[in-house]
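dropping a prediction and its sequence here:
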Amino acid sequence: MATNITFLIDSTKLQKGGPSINAPVAVSHPPFVLNGKPMDPEYKVPIGGGENVVIYTEEANHSQSVKVAPCGIVAHTFKGEALSPSIMKDPTLRPIDIPNFELYPGPVPDFIAYLPDDNPQWTAAPPSWPYWAGNPLISQGLYASMTRTYVPYVTFNGSRIVSGELQYGLVFGLTRDGTSVEYFYFDPYLVINS
């Protein structure tokens, strides 16, 4: 079984983000959808031992010009105790395994547009047009394209060995212009082996 969490990021309420993943800006817990059900931002998500967790970020207003992606996990505390890299590298002590940052193919937006350098002029319609051959015709050239999009997510499994409350930081990147990336983070909870 998998636990799917989609954090709904309202980009209109975010200040300017940090310039790199090493300097993200803290934000409050956003609302989220847990396995298709809207949840309170402070809800602590319970997961079973060994359960797969899949985390998405989505722009809450469905803005087509703003894209977000999870890009970091900070293992903060487990059962109220600070975590260290050595604990997170030890499969017998860590509350989650090593996260994977992945993409799956999203929708393929196709478009058709006018050729920008085309200069329409009146000409005679070609003879292949049986009823309109020779009639005045003006036309604009077209081009079509299909660009693959991707949906980024992070996935990991909860421990089968240890149990307790994990506070983690989710770092996400956001672009408002399709060129530069701003970085933010917040600190939700998982309750493992609950």
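Yes, it's here. Numbers count the residues shown, from 1 in each chain.

got the phi and psi for Leu93?
Here is the backbone geometry of Leu93 (degrees, to the nearest 10): phi -110, psi -30.

the closest residue to it other than its chain neighbours: how many residues sit nearby?
Using Cβ to Cβ, 6 or more residues apart in numbering and skipping the chain neighbours, the partner closest in space to Leu93 is Ile87 (4.8 Å). The way it works is simple: take the backbone N, C-alpha and C, and place the C-beta from them, glycine included. The tally of other residues near Ile87 (other Cβ atoms under 10 Å) stands at 16.

and Ile87, helix, strand or coil?
Put simply, Ile87 is helix when judged by DSSP: H, G, I helix; E, B strand; the rest coil.

help me confirm that it comes into contact with Ile96.
No. With contact defined as Cβ atoms under 8 Å, Ile87 does not reach Ile96; the gap is 11.2 Å.

how is this structure partitioned into domains?
Per automatic domain parsing, the domain ranges recorded for the chain read 2-105+151-192, 110-146.

helix or strand right after the helix or strand bottoming out on mean pLDDT in the chain?
Counting by mean pLDDT, DSSP states H and E, the weakest-scoring helix or strand in the chain turns out to be strand 110-114, with a mean of 72. Later in the chain than strand 110-114, the nearest helix or strand by DSSP states H and E is strand 123-124.

mind giving me the packing neighbours of that next one?
strand 136-137 (3 or more Cβ pairs under 8 Å, 6 or more residues apart in numbering; DSSP states H and E).

rounded mean pLDDT for the strand it packs on, please.
Taken as a whole, strand 136-137 has a mean pLDDT of 84.

re earlier: mean pLDDT for the domains of the chain: which is lowest?
domain 110-146 - the lowest mean pLDDT of those, at a mean of 80.

any idea how many residues pack against the residue lying closest to Asp97 once chain neighbours are set aside?
Once flanking residues are discounted, Asp97 sits nearest to Asn157: 4.8 Å by Cβ to Cβ, 6+ apart. Residues lying near Asn157 (other Cβ under 10 Å) number 18.

is it fair to say Asn157 lies in a strand?
Yes. Checked against three-state DSSP, Asn157 lies within a strand.

mind listing what it touches?
Gly50, Glu51, Asn52, Val53, Ile96, Asp97 (Cβ atoms under 8 Å, 6 or more residues apart in numbering).

joint contacts of Ile87 and Ile96?
Jointly contacting Ile87 and Ile96 under the rule Cβ under 8 Å, 6+ apart are Ala75.

so which residue is smack in the middle of the protein?
Centroid check for the chain by Cα atoms, centre = their mean gives Ala69 as the closest residue, at 3.3 Å.

residue most distant from the centroid, this protein?
Most peripheral residue of the chain (Cα atoms, centre = their mean): Gly134, 53.9 Å.
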